[in-house]
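> Take this sequence and fold it.
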Amino acid sequence: MSHRLPNYHLDLQRLGYETAHIGKWHMGNDGMPRPGYDYWVSYDGHGKLMDPTLNHDGLHVQHKGYVTDIMNRLAVEFLERKRDKPFSLFFAHKAVHPDAEQAADGTLRISAQGGYVVADRHKHLYRDDVFPRTPNMMTPDEVVRHKPAWAECFAMKTGETARKILDALKSGSQEEIRARAQMMAAVDEGLGAIFEVLERQGELDNTFVVFASDNGFFFGEHALGPERRFAYEEGIRSPFLVRYPRRVKAGTRVTDLVICQDIAPTMIELAGGKPGPQIQGRSLLPLFARGSKPARNGSRAGWRKSLLVEYWAENALPWLIGMTYKAVRTDRYKYVHWVNRGQAGELDELYDLDADPCELRNLNRSRAAAPVRERMRRELRKLIADAAGL
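Numbers count the residues shown, from 1 in each chain. As a prediction, this is how the structure comes out:
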């Protein structure tokens with residue numbers, strides 16, 4: 001299916017842009033070129049952190065070295081090309097993912113020798129640092145009291161298959177946090193190199209730059225680790241930074257609800273096009289207007305008041321059985337509906353994020369919160385219909 005997706009780079013090509021994808025794709029396990037890109041570098045599945053085989057425009061090329069450094073170099077080389085048209089580069093690092101193998105059915109294997117791999121020059125970073133605990137870093141027994149939908153999964157996490165994956169990642173330990181932070185240092189160096197080449201060309205302030213992540217991560221919050229697919233704040237809040245002096249004043253902080261799908265219509269509009277009906281999300285250009293302020297409730301007039309979060313249970317982590325959910329988040333509340341858990345929503349979850357930012361108190365069964373719960377359920381039904389194109 002990912003060879004037929006109408007992604008926004010097809011629109012940018014039609015608008016006269018030279019387009020490139022460098023890095024992880026991982027929608028389907030093959031790294032062959034997808035439509036919409038004049039220049040393509042990727043790899044099969046998760047790829048390798050050391051000595052990776054990369055797919056260059058359909059040809060497999062063996063590389064030596066650390067994959068983040070290799071990707072950084074390829075991105076800089078693309079930017080240094082002489083061109084007579086504007087460009088769009090989608091640069092997707094493998095970092096901070098560990099070395100892993102994922103089969104076509106989604107099952108995941110991480111060897112004891114695999115896991116996180118750090119560049120030698122960064123192994124001294126954060127060596128003695130201790131990252132602070134948060135109030136929601138709890139034991140499974142403590143979590144299940146307020147989140148009963150997790151009982152079966154937590155029981156399965158103690159099994160041998162689960163432990164092999166969790167132990168290889170050193171899940172929830174200070175060592176895991178330090179390793180991921182160390183891996184990000186090489187990404188940071190690459191971002192600096194990209195800025196340097198654009199500045200040298202005199203194009204830095206003419207280039208729209210987005211630094212984003214596809215998801216957050218858990219380091220023990222809600223007794224979770226690599227189960228990053230879930231709707232708690234640590235999983236769904238991710239970096240989204242923009243640099244474009246023509247439209248965005250430095251230091252601006254936007255609190256409106258923004259989703260990754262908003263990137264596509266934003267890029268198309270900036271390039272002078274009009275997003276078609278196949279393009280989801282909303283252009284962020286209205287949020288970039290200098291001097292505009294959100295309404296009192298935290299959302300700008302005319303902007304979205306809620307967003308949909310959903311997950312279809314699959315095989316990546318063997319203890320996540322039947323954990324499909326659909327959730328809605330507003331500026332204040334979050335409601336999580338477990339599709340395959342419970343009979344009539346009794347295992348669902350409702351949180352007041354103003355009063356309970358760590359999502360410790362599930363209000364789903366609270367009589368006082370019943371009006372909020374029903375309002376959130378109605379909003380979730382609407383968002384699901386919108387997502388299905390109905």
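> And the longest helix that the chain contains, how far out from the chain middle?
Longest helix in the chain, counting residues (DSSP state H): helix 174-200. Remark: helix 174-200 is offset 17 Å from the chain centroid, using C-alpha atoms, centre = their mean, to the nearest Å.
> Could I get the buried residue list for it?
Within helix 174-200, the residues scored as buried using 16 or more other C-beta atoms under 10 Å are 176-187, 189-190, 194, 197-198. Every C-beta, even on glycine, is put in place using the N, C-alpha and C of the backbone.
> just stretch 40-52 next, same as before
Using 16+ other C-beta under 10 Å as the burial criterion, the residues of stretch 40-52 that qualify are 40-49, 52.
> So of those residues, which two are at opposite extremes in space?
For the buried residues of stretch 40-52, the maximum inter-member distance is 20.6 Å, found between Trp40 and Leu49 (C-beta to C-beta).
> after the longest helix of the chain comes which helix or strand?
strand 209-212 (DSSP states H and E).
> Could I get the contacting residues of Gly216?
By C-beta atoms under 8 Å, 6 or more residues apart in numbering, the contact list for Gly216 reads 228, 233-238.
> can you pull the pLDDT of it?
Predicted confidence (pLDDT) for Gly216: 93.
> Using the three-state scheme, assign it.
Taken by DSSP: H, G, I helix; E, B strand; the rest coil, the conformation at Gly216 corresponds to coil.
> I'd like the distance between Leu390 and Arg14.
Counting by C-beta to C-beta, to the nearest Å, the gap between Leu390 and Arg14 amounts to 28 Å.
> And for Tyr116?
Distance, Tyr116 to Arg14, using C-beta to C-beta: 40 Å.
> same question, Ala186
Distance check for Ala186 against Arg14: by C-beta to C-beta, it reads 35 Å.
> who's in contact with the most centrally placed residue in the chain?
The chain has Asp214 as the residue nearest its centroid, 1.3 Å off, counting by C-alpha atoms, centre = their mean. Contact analysis of Asp214 by C-beta under 8 Å, 6+ apart lists 238, 260.
> Try it again at 10 Å.
By C-beta atoms under 10 Å, 6 or more residues apart in numbering, the residues touching Asp214 are 24, 26, 92, 228, 238, 260.
> can those go into a markdown table with extra columns for distance to Ile268 and pLDDT?
Supplementary listing: the contacts of Asp214 in a markdown table, determined by distance: C-beta to C-beta, whole Å; pLDDT from 0 to 100:
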| residue | distance to Ile268 | pLDDT |
| --- | --- | --- |
| Lys24 | 23 | 95 |
| His26 | 24 | 85 |
| Ala92 | 19 | 97 |
| Arg228 | 29 | 92 |
| Ser238 | 22 | 93 |
| Cys260 | 15 | 93 |
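> so which of those comes closest to Asn362?
Nearest to Asn362 among these, with distances taken as C-beta to C-beta, is Arg228, at 20.4 Å.
> looking at it, that closest one is touching His222, isn't it?
No: counting by C-beta atoms under 10 Å, Arg228 does not reach His222; the two are 11.5 Å apart.
> and Ile22, what are its bridge partners?
Val41, Phe91 (DSSP bridges).
> number of nearby residues for it?
Neighbours of Ile22 under the rule other C-beta atoms under 10 Å: 22.
> That one contacts Phe87, doesn't it?
No: in this structure, Ile22 sits apart from Phe87 without contact. The criterion is C-beta under 10 Å, and the distance is 11.9 Å.
> residues shared between the contacts of the two?
Contacts common to Ile22 and Phe87, judged by C-beta under 10 Å, 6+ apart, are 39, 78.
> Leu390 and Arg14: which has the busier surroundings?
Neighbours around Leu390 and Arg14, counted as other C-beta under 10 Å, are more numerous at Arg14. The numbers are 12 against 7.
> and the residue lying closest to the more buried one once chain neighbours are set aside, what are its phi and psi?
Residue nearest to Arg14 in three dimensions, not counting chain neighbours: Gly273, with 7.5 Å by C-beta to C-beta, 6 or more residues apart in numbering. Backbone torsions for Gly273, taken as degrees, to the nearest 10, come to phi -100, psi -180.
> contacting residues for Gly273?
Neighbouring residues of Gly273 by C-beta under 10 Å, 6+ apart: 8, 11-12, 14-17, 265, 267, 279.
> repeat for Glu269
Glu269 is in contact with 275, 283-285, counting by C-beta under 10 Å, 6+ apart.
> give me the element it is part of.
When elements are assigned from DSSP H and E, Glu269 belongs to helix 263-270.
> could you point out which element follows that helix?
Beyond helix 263-270 toward the C-terminal end (DSSP H and E), the next one is helix 285-288.
> which one of Arg228 and His222 has more residues nearby?
His222 (24 against 17).
> That one is in contact with Asn136, isn't it?
Yes: counting by C-beta under 10 Å, a contact exists between His222 and Asn136, whose distance comes to 5.8 Å.
> which parts of stretch 224-239 are buried?
With burial defined by 16+ other C-beta under 10 Å, the residues of stretch 224-239 counted as buried are 224-236.
> ditto for stretch 31-42
So, applying 16+ other C-beta under 10 Å, buried residues of stretch 31-42: 31, 33-34, 36-42.
> Equivalent analysis for stretch 383-390, please.
For stretch 383-390, a neighbour-count test (16+ other C-beta under 10 Å) marks Leu383 as buried.
> what separates that stretch from the chain centre, distance-wise?
Put simply, stretch 383-390 sits 22 Å off its chain's centre (C-alpha atoms, centre = their mean).
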